[in-house]
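Student: I need the structure of the sequence given here:
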Amino acid sequence: MKWFFKRKSKVMPQSNLKSEGNPILHQLALFIGKGKIEFGDKVHIGYFPSPYFYSTYAHLEARNQSAKIFIGDNTFISNNACIISDKTEIFIGTDCRIGANFCCFDSDFHGILPEHRDNPQFVQAAPVKIGNHVFIGQNVTILKGVSIGDNVVIGSGAVVTKSFPDNVILGGNPAKVIKEIKDE
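Tutor: Presented below is the predicted three-dimensional model:
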């Protein structure tokens, strides 16, 4: 069935996207934008059997020329992921495991005040960095300017609005440290 996803997934024709690497696709995927998406070795997108396998697709967008998405070696991203870099960079490290319905954005995509919402000059963006060996549960959203350390676990449904160090378990909305991970 992998051949089906490879054939049906695509970079949109109106896109000037630069893409490096060959992810292993287990569901439909759309790669779009004017920036760059780079995949390490053995990056998997989608999972079977899993919720949303038949009804969704992965959306990876490097919206503007300055936008970049990097996904490190041996990272698995489950179904229905939405990763959009508007102006800066989203970096996902190696050996990460990411649950279904994952969202990650480097921007608010609009100004805060009503009169600024359609003016791109008021759009704020900041890079996102997700470390190595990070486990992200289902329905997690990571917002602009966040840096996640190595070996972090993020519980299902968390909304991550600020940065966190290595070796912690996060949960909640907004996310907070629930516990430190210590060698036993």
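Student: those helices in this protein, which residues are they?
Tutor: 2-8 (DSSP state H).
Student: Mean pLDDT per helix and strand in it: which one sits at the bottom?
Tutor: Among the helical and strand segments of the chain, the one scoring lowest on mean pLDDT, DSSP states H and E is helix 2-8, with a mean of 47.
Student: Lys176 contacts Ile169, doesn't it?
Tutor: No. Counting by CB atoms under 8 Å, Lys176 does not reach Ile169; the two are 10.1 Å apart. C-beta coordinates here come from the backbone N, C-alpha and C atoms, glycine included.
Student: gap between the nearest residue to Ala100 once chain neighbours are set aside and Phe53?
Tutor: The spatially closest residue to Ala100, leaving aside those adjacent along the chain, is Ser78, at 4.3 Å (CB to CB, 6 or more residues apart in numbering). Using CB to CB, to the nearest Å, one obtains 9 Å as the distance from Ser78 to Phe53.
Student: Show me the common contact partners of these two, please.
Tutor: Gly46, Tyr47 (CB atoms under 8 Å, 6 or more residues apart in numbering).
Student: who has more neighbours, those two?
Tutor: Neighbours per residue (other CB atoms under 10 Å) separate Ser78 from Phe53, with Ser78 holding more: 25 against 17.
Student: residue contacts, Lys87?
Tutor: Lys87 is in contact with Arg63, Asn64, Ser66, Ala67, Asp106, Ser107, Val123, Ala125, counting by CB under 8 Å, 6+ apart.
Student: Could you point out which residue ranges in the protein have low pLDDT?
Tutor: Low-confidence segments of the chain, defined by pLDDT under 70: 1-15, 184.
Student: switch to 90 and redo it
Tutor: Using pLDDT under 90 as the threshold, the predicted model of the chain has low-confidence ranges 1-20, 26-28, 47-56, 109-123, 182-184.
Student: residues contacting Ser78?
Tutor: If a contact means CB under 8 Å, 6+ apart, then Ser78 has Gly46, Tyr47, Ser50, Ile98, Gly99, Ala100, Phe102, Gln138 as its contacts.
Student: Angles on the backbone of Ser78, please.
Tutor: Backbone torsions for Ser78, taken as degrees, to the nearest 10, come to phi -70, psi -170.
Student: Please apply the same query to the one 10 residues further on.
Tutor: Backbone dihedrals for Thr88, given as degrees, to the nearest 10, come out at phi -120, psi -120.
Student: and it, how many neighbours does it have?
Tutor: By other CB under 10 Å, the burial measure for Thr88, its neighbour count, is 19.
Student: start the count at 259, not 1, going forward
Tutor: Renumbered: residue one is now 259, and that last one reads Thr346.
Student: If anything else comes up later, I'll come back, but that's it for now.
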